[in-house]
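**Student:** Curious how this folds, go ahead:
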Amino acid sequence: EREFGFNEQQLAVVEDLDMAVQSRDKEIVQIAKSIEELGSIFKELAVLVIDQGTILDRIDYNMEAVVEHTKEGIGQLEKAESHQKNARPLKCIICLSITIVILMVILILQHKRW
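**Tutor:** The predicted structure follows:
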């Protein structure tokens with residue numbers, strides 16, 4: 001009845017303590033696993049943050065490019081408008097000249113018929 005000089009009450013206390021130690025050990029192992037999982041989640045989160053930063057940088061760059069292209073487009077439209085305004089009188093002169101030439105040809109042809 002006496003093992004290693006312990007009585008039953010002492011053995012019961014030792015067994016309870018042993019069970020408590022094993023339970024705590026399991027809890028500590030579970031906490032360690034949870035911490036590892038949490039570390040893994042933080043690593044994945046860091047990768048996502050880096051990816052999002054890269055995407056934001058690309059968006060920012062593209063927005064700057066859009067602004068520059070828009071400015072260039074406005075400049076080209078202004079030049080085109082200027083050229084178009086300058087070309088109108090020339091077109092009128094050419095049309096009138098062609099009309100005069102056609103009318104002169106018609107007049108000459110009618111004069112020859114008489």
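
**Student:** counting contacts, what elements does the helix or strand harbouring residue 63 pack onto?
**Tutor:** Assigned by DSSP states H and E, residue 63 belongs to helix 8-113. Packed against helix 8-113 by the contact rule (3 or more Cβ pairs under 8 Å, 6 or more residues apart in numbering; DSSP states H and E) you find no helix or strand. Bear in mind the C-beta positions are built from the backbone N, C-alpha and C, glycine included.

**Student:** Name the residues of stretch 69-82 that come out as buried.
**Tutor:** Of all the residues in stretch 69-82, not one is buried under the rule 16 or more other Cβ atoms under 10 Å.

**Student:** roughly how far is it from the heart of the chain?
**Tutor:** Distance of stretch 69-82 from the chain centroid (Cα atoms, centre = their mean, to the nearest Å) equals 28 Å.

**Student:** Pull out the CA atoms of that stretch and give them to me as PDB.
**Tutor:** Below are the C-alpha coordinates for stretch 69-82, written out as PDB (Å, rounded to 0.1, in the frame of the first residue of the first chain):
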ATOM      1  CA  HIS A  69      -2.100  62.200 -71.700                       C
ATOM      2  CA  THR A  70      -5.200  64.300 -71.100                       C
ATOM      3  CA  LYS A  71      -3.100  67.500 -71.100                       C
ATOM      4  CA  GLU A  72      -1.400  66.400 -74.300                       C
ATOM      5  CA  GLY A  73      -4.800  65.600 -75.800                       C
ATOM      6  CA  ILE A  74      -6.200  69.000 -74.900                       C
ATOM      7  CA  GLY A  75      -3.100  70.600 -76.500                       C
ATOM      8  CA  GLN A  76      -3.600  68.600 -79.700                       C
ATOM      9  CA  LEU A  77      -7.300  69.500 -79.800                       C
ATOM     10  CA  GLU A  78      -6.500  73.200 -79.400                       C
ATOM     11  CA  LYS A  79      -4.000  72.900 -82.300                       C
ATOM     12  CA  ALA A  80      -6.600  71.100 -84.400                       C
ATOM     13  CA  GLU A  81      -9.200  73.700 -83.700                       C
ATOM     14  CA  SER A  82      -6.700  76.400 -84.700                       C
END
